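**Q** Build me a structure from this.
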Amino acid sequence: MEDCPSLIQSNAHIYSDLPASVRSERGLPRESGLVLCSPECPSGARTAPHSWHIKTHPLEIPQKWEASPFLSGQDASVYSLIPVLGPSLTVLDLSSCVALTNRTLQAIRASLTHLSVLRLAWCKELRDWGLLGLGDPSDEPTQEPQEHLRAKLRRNLKSRSFFPQLHQELEHQALGPKDPSPQPQGSSLLMLRALRELDLTACSKLTDASLAKVLQFPELRQLSLRLLPALTDKGLVAVARGCPSLERLVLSHCSLLSNEGWSQAASSWPRLQHLNLASCGQLTEQTLDTVGQACKQLQMLDVAMCPRISMAAVRCFQAQLPQVTCVQSRFVGGADLTITL
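**A** Prediction:
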């Protein structure tokens with residue numbers, strides 16, 4: 001790292017242990033380990049063009065950034081690189097770093113506040129509390145069962161029955177439900193105010209609980225929420241209101257999204273140009289009509305493998321929006337793949 005100072009001041013992509021065939025396609029070194037790609041790195045010629053290859057094991061972790069006992073292997077390597085990269089880093093690609101943890105994500109938010117591009121595709125261990133900047137729920141002391149707490153409180157108040165109304169209020173306050181929808185804290189993803197592109201593809205443990213509160217970036221241009229099985233209409237509407245400047249949106253394989261969600265969300269995205277709704281099984285031609293009326297700048301639409309959208313609806317959509325130059329409609333209308341193939 002010492003003979004490549006420009007890496008700290010330029011864009012970087014960190015790739016995990018990808019298969020050799022994928023590494024070859026991307027022009028990356030075939031050896032295992034992490035890869036940082038920098039267009040300004042003079043040492044890049046020794047590996048792949050514009051890249052810096054870092055072995056996973058020899059990395060020295062700075063004392064003030066010692067790897068947590070919860071971090072291991074690949075995640076510890078990424079964690080140790082964060083302070084080295086510096087606050088001037090603008091592009092960080094951690095795609096396929098499947099071992100990336102929420103604590104490393106929190107470190108990224110705290111140190112790399114000037115990021116404009118953050119790709120976390122297939123980081124399957126990321127959870128809602130990590131995006132919200134909250135502590136790990138597993139670190140909290142075990143709570144006593146509600147019924148046990150209720151019985152204990154009643155015993156304590158039994159001898160003071162001459163204040164029944166006050167006792168009822170105290171019991172309600174003590175046993176009232178916790179906030180089911182926690183708010184983002186100071187170290188949440190919202191700290192990355194310069195974001196223009198965010199990829200959360202296949203971060204399958206994320207739900208509306210975090211997405212609805214954290215995805216509030218008025219200047220965000222590209223967003224991928226592909227393969228998020230828990231994303232619902234509520235989350236979609238919240239994302240639409242929080243990210244009104246989107247130009248590219250990928251929501252394929254989000255099976256809980258429906259026409260109702262799109263009827264509320266579409267009007268927030270007048271600048272949308274590329275939209276991917278492939279394999280969203282609940283969507284019908286009603287969503288096509290909604291998108292056609294609200295997204296007048298749309299150029300590309302993917303509704304492949306949407307069983308409730310007919311080919312006739314796709315043709316009608318194209319006729320109404322001639323500026324849409326590409327519509328992917330493979331196997332729409334519930335086509336039998338065994339016959340079509």
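**Q** Listing request: residues of the stretch 201-341 of the chain with sub-threshold pLDDT.
**A** In the predicted model, the stretch 201-341 of the chain carries pLDDT under 70 at residues 334-341.
**Q** Show me where it has its strands.
**A** 222-224, 248-250, 274-276, 300-302, 326-328 (DSSP state E, counting those that start in this stretch).
**Q** how many other residues sit next to residue 322?
**A** Other residues near residue 322 come to 7 when the count uses other C-beta atoms under 10 Å. Every residue, glycine included, has its C-beta placed from N, CA and C.
**Q** separation between it and residue 284?
**A** Counting by C-beta to C-beta, to the nearest Å, the gap from residue 322 to residue 284 is 23 Å.
**Q** swap in residue 253?
**A** Taken as C-beta to C-beta, the span from residue 253 to residue 284 is 17 Å.
**Q** Which one of the two is surrounded by more residues?
**A** A count of neighbours by other C-beta under 10 Å puts residue 253 above the other of residue 253 and residue 284, at 21 against 16.
**Q** wait, doesn't the more buried one sit right on residue 230?
**A** No - using C-beta atoms under 8 Å, residue 253 is not in contact with residue 230, being 12.0 Å away.
**Q** returning to what we had before: just put the strands of the stretch 201-341 of the chain in CSV and tack on mean neighbour count.
**A** What follows is the strands of the stretch 201-341 of the chain, written out as CSV (neighbours: other C-beta atoms under 10 Å):
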stretch, mean neighbour count
strand 222-224, 20
strand 248-250, 21
strand 274-276, 20
strand 300-302, 21
strand 326-328, 14
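**Q** low pLDDT regions in the stretch 1-150 of the chain?
**A** 1-74, 136-150.
**Q** Next, the buried residues of stretch 193-212.
**A** 195-212 (16 or more other C-beta atoms under 10 Å).
**Q** So which of those sit within helices?
**A** Among those, the members found in helices (DSSP state H) are 208, 209, 210, 211, 212.
**Q** Setting the sequence-adjacent residues aside, check what's closest to the first one.
**A** Computed as C-beta to C-beta, 6 or more residues apart in numbering, the closest residue to residue 208 that is not its neighbour in sequence is residue 235, at 3.7 Å.
**Q** any idea how far that neighbour is from residue 204?
**A** 14 Å.
**Q** likewise residue 308?
**A** Separation of residue 308 from residue 204 (C-beta to C-beta): 24 Å.
**Q** which stretches of the chain form helices?
**A** 20-25, 74-85, 102-111, 128-132, 146-157, 164-175, 208-214, 233-242, 259-265, 285-294, 311-320, 337-340.
**Q** If you count contacts, what does the third one end up packed against?
**A** With contacts taken as 3 or more C-beta pairs under 8 Å, 6 or more residues apart in numbering; DSSP states H and E, helix 102-111 sits against helix 74-85, helix 128-132.
**Q** what helices or strands is the last one leaning on?
**A** Okay, so that is helix 128-132. Using 3+ C-beta pairs under 8 Å, 6+ apart, helix 128-132 sits against helix 102-111, helix 208-214.
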